[in-house]
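[1] build the 3D model from these lines:
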Amino acid sequence: MHLQKFKKLFSVLVLAAMLWGGPLKAEVPRVVADIAPIHSLVSMVMDGVGEPQLLVPQNVSPHHYSMRPSEAKALQEADMVVYVGHDMSPWLEPLFATLAASAEIMDLSKVDDVVLLSYREGPIFDEHEDHGHKEEGHDHGEEHDDEAHGHKEEDHDHDEKEHDHGEEHEEKKDSHDHDDKTHGHKDDDHEEESQDDHAHHDHDGTDPHMWLDPLNAKLWIDAIASELGQSILKMSTVTLQMRNPQSRKSHRNASH
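    Got it, this is the predicted structure:
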């Protein structure tokens, strides 16, 4: 119901642009969306009117991506760029000034009332935490197995004390066991440090996967429909003024 409401709003704005342009056909802006989830939302709004272009292909990380020439060209020709925000694709924003200087840039993370989530509130972080605990449990299990194996070897050493080289053999085994245990502690310390570093590196700040919240999807559909409608009206007005000098003159007189 919510989507139908805003698709209707977008259609009304397109119709208004067509009426404003008189006999001229309303131009549909060329829209570029950064990632697949955002492309889907824009496609819903533009259904029956136009098709946005996807910038970053699916199954490719948007965090570190090098555009192909065709994608750079799409940015250059875009009338409007819709992206989820700096945190998702930090490499993209610096390109706007050169490749998309004439395009309208829509940062969805700055839409009014958008819900910003920290990593600990998001499903991705929770899933990662569970995975971490499972790995820790697996490591503890290996520790217990190693200790049990060590006890068995010690019992075996006691049984072989009657041999001529039993004591020497036992001392070497004890030394080897101590080395293994020490090595085990080092591995545990290294693993804990790596997990801490990974947590601080990846989970500071705001979760950029904001489209996972249904409220944001609804807000964005509203905002995208409004921006696209305004863009169509603006483009139609400019086209009409370029085609009709008298209209351009009347517009200037009205503004004075």
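
[2] identify the residues contacting stretch 104-114?
    With CB atoms under 8 Å, 6 or more residues apart in numbering as the contact definition, stretch 104-114 has outside contacts at 29, 38, 79-87, 96, 116, 208, 210, 216, 219-220, 223-224, 227, 231. All C-beta atoms are positioned from the backbone trio N, CA, C, and that covers glycine.

[3] now list the buried members of those residues.
    With burial judged by 16 or more other CB atoms under 10 Å, the buried subset of the contacts of stretch 104-114 is 29, 38, 79-85, 208, 210, 216, 219-220, 223-224, 227, 231.

[4] pLDDT weak spots in the stretch 101-250 of the chain?
    For the stretch 101-250 of the chain, the stretches with pLDDT under 70 are 119-205, 236-250.

[5] please redo it, this time with the cut-off set to 50
    Low-confidence segments of the stretch 101-250 of the chain, defined by pLDDT under 50, are located at 121-166, 168-173, 175-176, 178-179, 181-203.

[6] please flag which of the contacts of stretch 104-114 sit within strands.
    Members of the contacts of stretch 104-114 lying in strands (criterion: DSSP state E): 80-83.

[7] and of those, the nearest to residue 235?
    Looking at the ones in strands among the contacts of stretch 104-114 and their distance to residue 235, the nearest is residue 80, at 10.0 Å (CB to CB).

[8] surely that closest one touches residue 224?
    No: the pair formed by residue 80 and residue 224 falls short of the contact definition of CB atoms under 8 Å, at 9.3 Å.

[9] now do the buried residues in the helix or strand that contains residue 41.
    Here residue 41, judged by DSSP states H and E, is contained in helix 36-46. Within helix 36-46, the residues scored as buried using 16+ other CB under 10 Å are 36-39, 41-42, 44-46.

[10] likewise stretch 54-73?
    By neighbour count, with 16+ other CB under 10 Å as the criterion, the buried positions of stretch 54-73 are 54-56, 62, 65, 67, 71-72.

[11] average model confidence for it?
    For stretch 54-73, the per-residue pLDDT values average out at 95.

[12] counting contacts, what elements does the helix or strand where residue 235 lies pack onto?
    The secondary structure element spanning residue 235 is helix 214-243 (assigned by DSSP H and E). With contacts defined as 3 or more CB pairs under 8 Å, 6 or more residues apart in numbering; DSSP states H and E, the packing partners of helix 214-243 are helix 2-20, helix 36-46, strand 80-83, strand 104-107, helix 245-255.

[13] let's have the buried residues of stretch 54-73 in TSV, adding secondary structure and distance to residue 107.
    Formatted as TSV, the entries for the buried residues of stretch 54-73 read as follows, by DSSP: H, G, I helix; E, B strand; the rest coil; distance: CB to CB, whole Å:
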residue	secondary structure	distance to residue 107
54	strand	18
55	coil	14
56	coil	16
62	coil	15
65	coil	18
67	coil	19
71	helix	19
72	helix	20
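
[14] determine which two of these are furthest apart.
    Of all pairs drawn from the buried residues of stretch 54-73, the one with the longest distance (CB to CB) is 62 and 72, at 15.5 Å.

[15] quick one: neighbours of the residue nearest to residue 46 when sequence neighbours are not counted, just the number.
    Distances taken as CB to CB, 6 or more residues apart in numbering place residue 52 nearest to residue 46, at 6.1 Å, with adjacent residues excluded. Burial of residue 52, expressed as a neighbour count using other CB atoms under 10 Å, amounts to 25.

[16] residue 52 contacts residue 32, correct?
    Yes: between residue 52 and residue 32 there is a contact at 6.6 Å, judged by CB under 8 Å.
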